[in-house]
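Peer 1: Build the 3D model from these lines:
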Amino acid sequence: MEICFQSPLKLKPTSIAPSSNNCRPNLSAQSFRCNFSKTITADPQPVFTSVKSFAPATVANLGPGFDFLGAAVDGIGDFVSLRVDADVPPGEISIADIEGVGNSAKKLSKNPLWNCAGIAAISVMKMLGVRSVGLSLSLEKGLPLGSGLGSSAASAAAAAVAVNEIFGRKLGVHDLVLAGLESEAKVSGYHADNVAPALMGGFVLIRSYDPLELIPLRFPSDKELFFVLVNPEFEAPTKKMREALPSVIEMSHHVWNCSQSAALVASVFQGDVRGLGKALSSDRIVEPTRAPLIPGMEGVKKAALEAGAFGCTISGAGPTAVAITDDEEKGRQIGERMVEAFLEEGKLKAVAMVKKLDRVGARLMSSKI
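Peer 2: Below is the predicted model:
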C-alpha cells in the first residue's frame, strides 16, 4: 500500500499583521499552542540603544523526524547586532552589514525583504507595532550557507530575539518562532524543525503546524551527548533538496519511520544515547532519497558506524553528516574517519566538529542603554 507524502511545505504560513498572537503554554502536555486573540496597539519605545544576540546551529529531522524534530548545537551559530538608527525611517529596518564564513557577504541580500534576518525582524516589529523608531541591523554569519546546520534559521532567530530585546522582551518565544517561520517560508520552506530549537534550545518536537504547537524534549542534564558534525565543501540548498523528496511513500516505510521517531523521542527523555543513535540512523524515506545527491554520504555513514558512532544521518537537508556518541574523544576519532570517507568516497574535502547540545537557544549577548 502507498500513501501520499505531504510536507508542511504545502501549508501556507500564518499571516502576521501589525499585531501579536497570544501563545499560551499547555502545561498538562508540556507543549505550546499559539492562538491569535490579542493585539499590541501601543508603539513601544526601545529600552536599549543597541543589542547583540546569538542563535545556535541546529540539526533538523534527526533521521526519521522529517520536519517535526530538531535539536540545537552548542558553540556555533550566527550573531546579530541591532541599534536604533535615526537615519532609518521610523517603523523600518535597514541591513547595514553582512560578514562571516564562506561567501555569505556576497550571496546574501541586504534588502531586508529578501534576507532571512530582515524578514524575521520585520515580522517581530509588526507584532510589536513599532512605528516611531528605525533600526539598523548587522549580521555576522558563523554558519556556512546551504550546510544543513540551520543557517537561515539561526539568522532569523538571532534577529527576532534582537528586536524583541531592544524593545524590552515583550513577546514570548512562541511569537518569535512564528516570526522565524515567516522567514523560513520565504527562504527554504514552511518548517520549524530548525528555527524552533534555535530559539528554544535542546530537542524540540513540532506536534502541529496548524495551529503551531511545540513540545520541548528534555534530555537529562547528567547524561553526556555529543554531535559529530562533518561539513564537506559542497552546498546543498534546502529548496533543491526538498524538491527531490518523493511524493508517494510505501505504507510500510511510513509505519517504520513513525515507530523510529517515537523511539527517538523516548530515548531523548531517557538519556539513552545508544537508542537515540539507533533511531537517528533508521530513516527509510528522506535519507535514501537525499544521500545519493551528496557525494560520498553513504560511505561516510558506514565509516562513522564502523568507528563506533551510535548513529549517523544527514543533518537537515545536508550536506553535513551528523553522528552521535557519548564520549568527546571518541567523537573526534569518528569525525576523522568521516572526513577521510568524504575525501575517499566523494572526493570532497571536509571539516569535523564535536559539539554538545545547546540547552539555552537564542539569547541576548550584550546591550547598551
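Peer 1: what does stretch 102-121 rub up against?
Peer 2: For stretch 102-121, the external contacting residues (C-beta atoms under 8 Å, 6 or more residues apart in numbering) are 78, 80, 82, 93-96, 98-99, 122, 135, 137, 139, 141, 144-145, 152-153, 155-160, 162-163, 179-180, 182-184, 186-187. Backbone N, C-alpha and C define where each C-beta goes, glycine included.
Peer 1: okay, it in CSV with CA atoms only?
Peer 2: Output in CSV follows, covering the C-alpha atoms of stretch 102-121 (Å, rounded to 0.1, in the frame of the first residue of the first chain):
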residue,chain,number,x,y,z
GLY,A,102,32.3,31.5,3.3
ASN,A,103,30.6,33.6,0.7
SER,A,104,27.9,35.0,3.0
ALA,A,105,28.6,38.6,2.3
LYS,A,106,28.5,38.1,-1.4
LYS,A,107,25.5,35.9,-1.7
LEU,A,108,23.1,37.3,0.9
SER,A,109,21.0,40.3,0.1
LYS,A,110,21.0,43.5,2.2
ASN,A,111,17.4,44.1,1.3
PRO,A,112,15.6,43.2,4.5
LEU,A,113,12.6,41.8,2.4
TRP,A,114,14.9,39.3,0.8
ASN,A,115,17.1,38.4,3.8
CYS,A,116,16.1,35.8,6.4
ALA,A,117,17.3,38.0,9.3
GLY,A,118,15.4,41.0,7.8
ILE,A,119,12.2,39.1,7.3
ALA,A,120,12.1,37.8,10.9
ALA,A,121,13.0,41.3,12.3
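Peer 1: what comes up buried for it?
Peer 2: By neighbour count with 16 or more other C-beta atoms under 10 Å, stretch 102-121 contains the buried residues Gly102, Ser104, Leu108, Pro112, Asn115, Cys116, Ala117, Gly118, Ile119, Ala120, Ala121.
Peer 1: Stretch 321-335 too?
Peer 2: Ala321, Val322, Ala323, Ile324, Thr325, Asp326, Lys330, Gly331, Gln333, Ile334, Gly335.
Peer 1: ok, so what distance separates the fifth one from Arg332?
Peer 2: As defined by C-beta to C-beta, to the nearest Å, Thr325 lies at a distance of 10 Å from Arg332.
Peer 1: any chance you could map the helices in the stretch 1-150 of the chain?
Peer 2: Secondary structure of the stretch 1-150 of the chain by DSSP state H, counting those that start in this stretch: the helices cover 104-107, 116-128.
Peer 1: Now render those as a markdown table, adding mean pLDDT and distance to Val286.
Peer 2: As requested, these are arranged in a markdown table below (pLDDT from 0 to 100; distance: least, C-beta to C-beta, whole Å):
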| stretch | mean pLDDT | distance to Val286 |
| --- | --- | --- |
| helix 104-107 | 78 | 26 |
| helix 116-128 | 97 | 23 |
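Peer 1: Now for the residue nearest to Ser94 when sequence neighbours are not counted, how many residues are close by?
Peer 2: Using C-beta to C-beta, 6 or more residues apart in numbering and skipping residues adjacent in sequence, the residue nearest Ser94 is Val88, 4.7 Å away. A count of neighbours around Val88, defined by other C-beta atoms under 10 Å, yields 17.
Peer 1: is it true that Val88 touches Ala96?
Peer 2: No. The criterion here is C-beta atoms under 8 Å, and Val88 misses it with Ala96 at 9.2 Å.
Peer 1: okay, and the common contacts of the two?
Peer 2: If you check Val88 and Ala96 against C-beta under 8 Å, 6+ apart, the residues they both contact are Ser136.
Peer 1: Would you double-check that Lys240 falls in a helix?
Peer 2: Yes. Under DSSP: H, G, I helix; E, B strand; the rest coil, Lys240 falls within a helix.
Peer 1: Quick one, grab the pLDDT at it.
Peer 2: On pLDDT, Lys240 comes in at 79.
Peer 1: what's the closest of the buried residues of stretch 321-335 to Met200?
Peer 2: Nearest to Met200 out of the buried residues of stretch 321-335 is Val322 (C-beta to C-beta; 19.1 Å).
Peer 1: From Glu287, how far out is the residue nearest to Ile95 when sequence neighbours are not counted?
Peer 2: Nearest residue to Ile95, sequence neighbours excluded (C-beta to C-beta, 6+ apart): Lys110, at 4.4 Å. Look at Lys110 and Glu287: by C-beta to C-beta, they are 36 Å apart.
Peer 1: Please tell me I have it right and Gly331 contacts Phe226.
Peer 2: Yes. Using C-beta under 8 Å, Gly331 is in contact with Phe226, at 4.5 Å.
Peer 1: Now the common contact residues for these two.
Peer 2: Here Gly331 and Phe226 share the contacting residues Thr325, Val354, scored by C-beta under 8 Å, 6+ apart.
Peer 1: thinking again about what came up before, using TSV, lay out the helices of the stretch 1-150 of the chain together with distance to Gly70.
Peer 2: Shown next, in TSV, are the helices of the stretch 1-150 of the chain (distance: least, C-beta to C-beta, whole Å):
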stretch	distance to Gly70
helix 104-107	22
helix 116-128	16
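Peer 1: give the contact list for the spatially most central residue of the chain.
Peer 2: For the chain, the residue nearest the mean C-alpha position is Asn194 (1.9 Å; C-alpha atoms, centre = their mean). Asn194 makes contact with Thr58, Ala60, Gly70, Gly150, Ser152, Ala153, Ala154, Glu184, Gly316 under the criterion C-beta under 8 Å, 6+ apart.
Peer 1: The third one pairs with what?
Peer 2: Residues in a beta bridge with Gly70, per DSSP bridges, are Ala60, Val204.
Peer 1: Quick check: it vs Gly361, distance?
Peer 2: According to C-beta to C-beta, Gly70 and Gly361 sit 11 Å apart.
Peer 1: and for those two, which residues touch both?
Peer 2: Joint contacts of Gly70 and Gly361 (C-beta under 8 Å, 6+ apart) are Pro197.
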